[in-house]
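Asks: Okay, here's the prediction I keep looking at, along with the sequence it came from:
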Amino acid sequence: MKVYDGSETDSSQEEEPERVKVGIAEYEVTTDSATLTTSGLGSCVGVGLYDTKTGAAGLVHVMLPVAEEMDDGKPAKFADTGTELLIEELEATGSRRRDLVAKIAGGSDMLDFSEGGSGIGDRNIDKVKETLEGYNISLVGEDVGGDHGRSVQLKSVDGDFLVKSANRDDRTL
Amino acid sequence: MKIDVQSLDTFNKLAHEGAEEATRSMTQMTGIEATVEVTKISLVDREDLGEEFGRETEFVGVQFGFEGALTGKTVLIFERERSSEIVEALVPGGNADESMAQSSVEEIGNIMMSGFIDGWAEYLGTTIDHSPPTYIERTGKDILPGSPDTNERDQVFVFSSEIQWEGENVSFYIYMVPEYEPLTKLMSEHRDEEADAIPVEKLAAFNQMTREGTQRAAENVEMMSGIETEAEVSQISFAPIEDVPKQFGEETYVGTAVEFTGIPSGFLLVLFDEQSAITVAEGLMPMEMESSELTDKHKAAIEELGNIMTSGFVDGWANVLQRSVEHTPPRLVHDMGQAILDPLAAQLGQHQRHAFMIDSKMKTEDLEFESKIHALPNEQELRETLDDLDLDRADQTEANVDQLF
């Protein structure tokens, strides 16, 4: 995990915020106006948290609903532990829980072959929402479900959450 | 010689950590922020090594030999087109003349690779010596070191890492090709005696089966279209489950996916990049060129093609395994590669932390297209299948395909 605190930012790059990529089962936190991006969300969910007071932001790319079922020491891989981890990491940079808002994208049911019951995408979304509720963090935007993939950019300059899809128009949450 | 998932995981982690160590050394020296995207261990036909680099792309980099507990060769490479940006970032002014650019590449290569090899030696509690770096510039797959000549085997293990320069569309690659015998010996020493073992030679046999499956799929395409189609490259690779989708990136693919049931169960994908999908749909189906964009007609043709390729592939497996393998009707997919793969990886990921992925490729001489087949079997069931696999039968398959199929 890296926390971007601005010490490495070149002054010539001020106009174009630094872009930080978040891989599957990974997360990043920025207090430095960086844009956090993650791509190729199918049934995976991208959870973005934004501090409305300080502009700090965090993004996690979770793959499976519940850590308990398959614990392997990678908390950011799971909807429950990944969301918790992101909240805690933002708190560690000085954010207060009540200032955080959440936006999420992903959780599609494309290629879900599971028979009966809800698919992994749905369960990922439910688990993220449940965890956010447990921390009293409001979900202020979502672009979830359906049968298409998504990529997201969380712009910590203003908290905008841009959702891109292969065959659809962009959406800003 | 037996290995297990644990030893594959351990060695894959070693390669990953080695690549991270190498990347840290580079960051320290140059300030370039880079991330190791994916590290995987693959078993591949020696002649197919580096097939993913295509035939025309030019690469530059450095090559080392290493010797000790492990013996073999390693390269650190990047695309020639990008080399001036990289050299400039590594050593400002380094592009002034060619020999200076070359020595800059050698220097950074040396620093990165020392980190890489030292990580391995430290973990294995032994020494691994490496030779001084040699600057290399070659085209396509020739950039990779061939397997050592002394090695009679037709399959080699290769560790590959892709390192991405953050914010730039530039990747570095580290490939390590150890000699087969010392590597498998070390892997078998590092396995967990309690765990379910995989006889290493059976992984190779499984590759042969995959080749037969692909051959069968190619025959089906030929039968349908009358166009001669060749099966190429097959490899089995192993990586943490979350690294499976990462390998496909944001590029858009068109194709089909099915779930297959039986032992092993899993998922099978037939994928074309968009341009290949258009070419192949128009080349194989009697249709008028209506648009350079992918239309519903193209997609319907791809769905049909995916269907017959899938049946061919699955039949090939079922015959060799002498088991029945059923599959669901194909579902058409058209999306970002990573987004296509992640639901499949997630479904397997409910029961396993790592995945074996089986990749093969086919192409024709007449048409510019490439089709890739990817199978993601259930790990436990794949192990059972390998256990039951009669090596004589797999050998026989290679000797006389017609008899079996």
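Replies: Perfect, I can see it now.

Asks: Quick check: bridge partners of the residue most central in space within chain A?
Replies: Using C-alpha atoms, centre = their mean, the residue of chain A that lies closest to the mean C-alpha position is residue A:47, 2.2 Å off. Applying DSSP bridges to residue A:47 gives these bridge partners: residue A:60, residue A:104.

Asks: can you tell me how far residue A:28 sits from residue A:129?
Replies: With distances taken as C-beta to C-beta, to the nearest Å, residue A:28 is found 22 Å from residue A:129. Every C-beta, even on glycine, is put in place using the N, C-alpha and C of the backbone.

Asks: which stretches of the chain aren't confidently modelled?
Replies: All of this refers to chain A. A:1-15, A:69-71, A:116-118 (pLDDT under 70).

Asks: not what I meant, chain B
Replies: Where chain B drops into low confidence, which here means pLDDT under 70, it does so at B:90-91, B:94-96, B:146-153, B:285-291, B:368, B:390-405.

Asks: Which residues are in contact with residue 50?
Replies: Defaulting to chain A. Residues near residue A:50 by C-beta atoms under 8 Å, 6 or more residues apart in numbering or on different chains: A:56-57, A:100-103, A:154, A:156, A:159, A:161.

Asks: oops, chain B please
Replies: The neighbourhood of residue B:50, defined by C-beta under 8 Å, 6+ apart, consists of B:140-144, B:175.

Asks: Which of these fall in helices?
Replies: When DSSP state H is applied, those are split such that none fall in helices.

Asks: Quick check: buried residues in stretch B:304-322?
Replies: By 16 or more other C-beta atoms under 10 Å in any protein chain shown, the buried positions in stretch B:304-322 come out as B:304-321.

Asks: on that earlier part again, can you tell me which of the contacts of residue B:50 is nearest chain A?
Replies: Distance to chain A across the contacts of residue B:50 (C-beta to the nearest C-beta) is lowest for residue B:175, with 20.8 Å.

Asks: ok, and which of the contacts of residue A:50 reach chain B?
Replies: Filtering the contacts of residue A:50 for neighbours of chain B using C-beta under 8 Å from any C-beta of the partner chain leaves an empty set.

Asks: Turn the residues you listed into CSV, including neighbour count and secondary structure.
Replies: CSV is the format used below for these (neighbours: other C-beta atoms under 10 Å in any protein chain shown; DSSP: H, G, I helix; E, B strand; the rest coil):
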residue, neighbour count, secondary structure
A:56, 24, coil
A:57, 29, strand
A:100, 25, strand
A:101, 17, strand
A:102, 24, strand
A:103, 23, strand
A:154, 28, strand
A:156, 27, coil
A:159, 19, coil
A:161, 27, strand
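
Asks: Residue A:110 contacts residue A:165, doesn't it?
Replies: No - Residue A:110 is beyond contact range of residue A:165, at 11.2 Å (criterion: C-beta atoms under 8 Å).

Asks: At which residues are the helices of the stretch 251-400 of chain B located?
Replies: Ranges of helices in the stretch 251-400 of chain B, per DSSP state H, counting those that start in this stretch, are B:274-284, B:296-321, B:337-349, B:379-388, B:391-399.
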